[in-house]
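Asks: quick one: sequence plus predicted model below, questions after.
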Amino acid sequence: MKGYVLENKLGISSSEELKRTEEKLTKIKCIELWNSNILNENNLSGTFEQLVFIHNYLFQDLYNFAGEIRSENISKDGFSFAPARYINQSIKWIEEIELKDEKAIIEKYIELNILHPFREGNGRSMRVWLDNTLSNKFNKVVNWSNINSNEYLNAIKKSVVDSKELNQLILNNLIDDNIDEYILFKNIDKSYEYEDMYEFKTKDL
């Protein structure tokens, strides 16, 4: 049965083909971001504007809505994210979170994730944002490859009412940001595994 297919720049009409293409194109973009200094040159680390930049960078070749705040209401696995009409208001108070330590940065990440401001690609964009912010401010990144998918996704669901478990899970898996290519590729692959995307290995792209 043919599933719903997001309108895309490539004219892909198959949901499976779109999923594969999205995974491949955006994983390549993730590598580009980490192998360049793009995210440090704009001096936006830790801001919502940086998240918008990341989302646009990852998805600009595929979707017209790349980097744009959604105007529709969305849900996933039975959970409805913030109504579109409240997004701009929510962004304002989320931006007021003082990034005084790693825990506060993770807390801002959690609030942004609950908000889900984009039509598609929120989780992947926000994990890049989180690593960039932690690296820029405290020379840390998350060792995503060490975080079990079920444990992470269950903590994500619980974070809507209590963020302590997710915050602690990420805090317990922080490592120095001078990671080698092997860890980087494993982390990218794990980030996509959370989204049920594992067709391509980052090291092969």
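Replies: Looks like it came in fine.
Asks: buried sites along whichever helix in the chain runs longest?
Replies: Taking DSSP state H as the criterion, the chain has its longest helix at helix 15-34. Within helix 15-34, the residues scored as buried using 16 or more other C-beta atoms under 10 Å are 18-19, 21-23, 25-27, 29-31, 33-34. Bear in mind the C-beta positions are built from the backbone N, C-alpha and C, glycine included.
Asks: tell me how many other residues surround residue 45.
Replies: Residues lying near residue 45 (other C-beta atoms under 10 Å) number 18.
Asks: what's the first-to-last distance across stretch 69-88?
Replies: Its first and final residues considered, stretch 69-88 spans 8 Å by C-alpha to C-alpha, to the nearest Å.
Asks: buried residues in that stretch?
Replies: Those would be 69, 70, 74, 81, 82, 87, for stretch 69-88 by 16+ other C-beta under 10 Å.
Asks: of those residues, which belong to strands?
Replies: Using DSSP state E, no member of the buried residues of stretch 69-88 falls in strands.
Asks: re the thing from before, just the C-alphas of the longest helix of the chain, formatted as PDB.
Replies: Provided in PDB are the C-alpha atoms of helix 15-34 (Å, rounded to 0.1, in the frame of the first residue of the first chain):
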ATOM      1  CA  SER A  15       7.500   6.800   0.200                       C
ATOM      2  CA  GLU A  16      10.200   4.200   0.300                       C
ATOM      3  CA  GLU A  17      12.300   5.900  -2.400                       C
ATOM      4  CA  LEU A  18      11.900   9.200  -0.700                       C
ATOM      5  CA  LYS A  19      13.000   7.800   2.600                       C
ATOM      6  CA  ARG A  20      16.100   6.300   1.100                       C
ATOM      7  CA  THR A  21      16.900   9.400  -0.900                       C
ATOM      8  CA  GLU A  22      16.400  11.600   2.200                       C
ATOM      9  CA  GLU A  23      18.700   9.400   4.300                       C
ATOM     10  CA  LYS A  24      21.500   9.400   1.800                       C
ATOM     11  CA  LEU A  25      21.400  13.200   0.900                       C
ATOM     12  CA  THR A  26      21.100  14.400   4.500                       C
ATOM     13  CA  LYS A  27      23.800  12.100   5.800                       C
ATOM     14  CA  ILE A  28      26.100  13.500   3.200                       C
ATOM     15  CA  LYS A  29      25.100  17.000   4.400                       C
ATOM     16  CA  CYS A  30      25.800  15.900   8.000                       C
ATOM     17  CA  ILE A  31      29.400  14.900   7.000                       C
ATOM     18  CA  GLU A  32      29.800  18.300   5.300                       C
ATOM     19  CA  LEU A  33      28.800  20.200   8.400                       C
ATOM     20  CA  TRP A  34      31.200  18.300  10.700                       C
END
